[in-house]
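# Coordinates only, no sequence provided:
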């Protein structure tokens, strides 16, 4: 059940679902970043025993979901439904992972906002009384995404300074009705915002206004000051987009609180030469299911606003001269 | 709230959401079919004033959603959320339609099962108390889909007899909490079934086992005989897949009731030379939002089981030798 007031874009969960367990698996480059030791698994290669990047990504997602369930000593078939998506055309990674996982499945597409989207829908399906245990998950893979959206990496095309590096990473959360521990207490589903930015090598700039819109709406709906949350974390604006978001906070009269960060900035070290930072559904998913939820569990963070941001263009629409429609969804996770 | 029993794959809605209004728009070929006069709009061309097939499809979806709301005298901004998806890479049609429609949006991908997926999630979000008015919608376009999944039609490649014709069509339903009239009373979210069929020119055969699995599960969960529904309609198996499904009904001990049909068979006339029938997200969406719901409104049908079926391959996975993972979701719509 929800305490949503008429006209409010945000939803408050009256029976907040709990994050019962979670897992994160990252690729070699991500494992070398500053949070490398906070992920469950750092892969030693990018193929996971498969013979294509796409199959590797699907295996990555499948393994992460399986691990999230196994942390409670459960098999995947003890979850009632999987809500998942990814960046590949026809969300191939999620579809093929769902085939192996063999539980009821609803496919989502929200680009890099998918982890937030799956958490919001999962929380609604639990609080609504439809399920008792739901898995929310997503993944991305550097090599499958680059060749689909930009260039096969073998071509060695020079990257723009504002470009973000698609992370090889996956995160999965097992959400349960009731229970103790970390809870999803509220959520804001975003609208598409498109400021006519069309440079696909600067997705952070395209997404920043969507993030600003959703965060502003969330704080207004919930009647919260911008320093209510111990951390507001977007995923993934990168350094260019995050700097713009700080400017938008100021424009909108929100204190540009020190409690803001971005998963795209956090995942890699500056020395790793990823230019504007990380992107990809798996970046914010792994940052959440790795370091962020661990910090919450340790009590170092008690109120987190996780804001998934998605750049919803396709190569076809970009080739046809379209700008980048962007979206952001906010999920409030609290230690209560 | 749900009356779902532990271990049951299906969900029963305790406060069944109503289908408050709906709309369907179809292309010229679909308008020439046997149900042409049952759709709200038959387009006279495939471009809707746009300069690419992809933009035309997005416009088609946008217009259908707008029309579904306008039937109640409402603007789109009087709906709280849009749940939509389509066949294009990164669900481009839905993303760009959502940009114009400017309401909160969650993107879905279920291939031709998307209409059922959006109805199920919409019903859950309403019955759960999170929203009062939700739009569920999807679209497909023959020319955008063919060039993405198979060949640009200008190439004139010969089509296999078992191939289905991607429909140019769109359907949108406005779901509301409470209210009178047609209601969504129950739903079954399917699992992925893959019988290792890899011929993308015979998707009906690939999808039939998924449809059988979900229908069988739905009837078992709900303790219903196979003739409980006035009509069980799949979308879209086409003639090859529907014939296989009838065989699977027999194998599974279900009466191959006369009350079974398939949107892929219904949409076109045999004379229209579409080989095994229609496919595409828009086919089942338009058949539902055109003739089927009209029949329910007139009392000619009172209990409908709408079973959206999706072939979840991508061209990349097919090129890599993968078979077709398939899914089916069932939605019970009743005149109560």
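Good, I have the coordinates. Every value quoted in this text rests on a predicted model; they were computed, and no experiment measured them.
# Relative to residue B:144, how far out is the nearest residue to residue A:177 once chain neighbours are set aside?
For residue A:177, ignoring the flanking residues on the chain, the nearest one in space by Cβ to Cβ, 6 or more residues apart in numbering or on different chains is residue A:126 at 4.5 Å. Using the backbone N, CA and C atoms, a C-beta is placed for each residue, glycine as well. As judged by Cβ to Cβ, to the nearest Å, residue A:126 and residue B:144 stand 36 Å apart.
# Which residue ranges of chain A form strands?
A:10-12, A:18-26, A:41-42, A:81-86, A:105-107, A:133-140, A:165-166, A:169-176, A:182-188, A:231-235, A:260-262, A:278-279, A:303-311, A:326-335 (DSSP state E).
# which one of those has the most crowded surroundings?
strand A:278-279 (a mean of 33; mean count of other Cβ atoms under 10 Å in any protein chain shown).
# Check which helices and strands that one sits against.
Packing partners of strand A:278-279 (3 or more Cβ pairs under 8 Å, 6 or more residues apart in numbering or on different chains; DSSP states H and E): strand A:165-166, helix A:263-266.
# Of all those, which one comes closest to chain B?
For the helices and strands packed on strand A:278-279, distance to chain B was read as Cβ to the nearest Cβ. The smallest value, 13.9 Å, belongs to strand A:165-166.
# Within its sheet, name the partner strands of the closest one and how each one runs.
strand A:278-279 (parallel) (DSSP bridges).
# outside of the strand it pairs with, which residues touch it?
A:30, A:112, A:140, A:164-167, A:203-204, A:236, A:238, A:263-268 (Cβ atoms under 8 Å, 6 or more residues apart in numbering or on different chains).
# Now do the same contact list for residue A:267.
Counted by Cβ under 8 Å, 6+ apart, residue A:267 has contacts A:30, A:33, A:35, A:167, A:169, A:236, A:277-278, A:283, A:286-287.
# Which residue in those has the weakest pLDDT?
Lowest pLDDT of the contacts of residue A:267: residue A:236, 94.
# Pretty sure residue A:274 is one of the things it touches, is it not?
No: counting by Cβ atoms under 8 Å, residue A:236 stays clear of residue A:274, with 11.1 Å between them.
# The closest residue to chain B within chain A: how many residues sit nearby?
Closest contact between chain A and chain B, by Cβ to the nearest Cβ, is at residue A:128 (2.5 Å). Using other Cβ atoms under 10 Å in any protein chain shown, the number of residues around residue A:128 comes to 25.
# For residue B:130, see how far away it is.
Distance from residue A:128 to residue B:130, by Cβ to Cβ: 7 Å.
# Please name the residues that touch the residue lying closest to residue A:236 once chain neighbours are set aside.
Distances taken as Cβ to Cβ, 6+ apart put residue A:264 closest to residue A:236, at 3.2 Å, once the chain neighbours are dropped. For residue A:264, the contacting residues are A:164, A:204, A:234-239, A:241-242, A:276-279, A:283-284, by Cβ under 8 Å, 6+ apart.
# Most neighbours among the residues you listed, which one?
residue A:236 leads the contacts of residue A:264 on contacts (other Cβ under 10 Å) with 38 neighbours.
# related to what we said a few turns ago, just read off the phi/psi values of the residue of chain A closest to chain B.
phi -70, psi -10 (degrees, to the nearest 10).
# Surely it is in contact with residue B:2?
Yes: in this structure residue A:128 lies within contact range of residue B:2 using Cβ under 8 Å: 6.8 Å.
# Now for these two: what residues contact both?
Counting by Cβ under 8 Å, 6+ apart, the shared contacts of residue A:128 and residue B:2 are B:124, B:127.
# can you count the residues close to the nearest residue to residue A:283 once chain neighbours are set aside?
Nearest residue to residue A:283 in three dimensions, chain neighbours excluded: residue A:167, at 4.0 Å (Cβ to Cβ, 6+ apart). Residues within reach of residue A:167, counting by other Cβ under 10 Å, total 34.
# ok, residue A:167 touching residue A:27?
Yes: using Cβ under 8 Å, residue A:167 makes contact with residue A:27 at a distance of 7.3 Å.
# list residues touching both of those two?
What both residue A:167 and residue A:27 touch, as defined by Cβ under 8 Å, 6+ apart, is the set residue A:142.
# And chain A, what are its domain boundaries?
A:10-176, A:182-335 (automatic domain parsing).
# Looking at those domains, spot the one closest to residue B:313.
domain A:10-176 (7.0 Å; Cβ to Cβ).
# And the pLDDT for the residue nearest to residue A:95 when sequence neighbours are not counted?
Excluding the flanking residues, the one nearest residue A:95 by Cβ to Cβ, 6+ apart is residue B:312, at 4.0 Å. Predicted confidence (pLDDT) for residue B:312: 98.
# count of neighbours near residue B:312?
Neighbours of residue B:312 (other Cβ under 10 Å): 29.
# does it really touch residue B:111, like I thought?
Yes: counting by Cβ under 8 Å, residue B:111 is a contact partner of residue B:312 at 5.5 Å.
# what do these two both touch?
A:90, B:327.
# What segments of the stretch 151-300 of chain A are helices?
Under the criterion DSSP state H, counting those that start in this stretch, helices of the stretch 151-300 of chain A are mapped to A:203-222, A:238-251, A:263-266, A:281-287, A:293-297.
# Kindly compare burial across those helices and name the winner.
helix A:281-287 (a mean of 37).
# List the residues that contact the closest residue to residue A:141 other than its chain neighbours.
What sits nearest to residue A:141 in space, not counting adjacent residues and going by Cβ to Cβ, 6+ apart, is residue A:57, at 3.6 Å. The contact partners of residue A:57, taken as Cβ under 8 Å, 6+ apart, are A:86, A:88, A:93, A:139-141, A:144, A:168.
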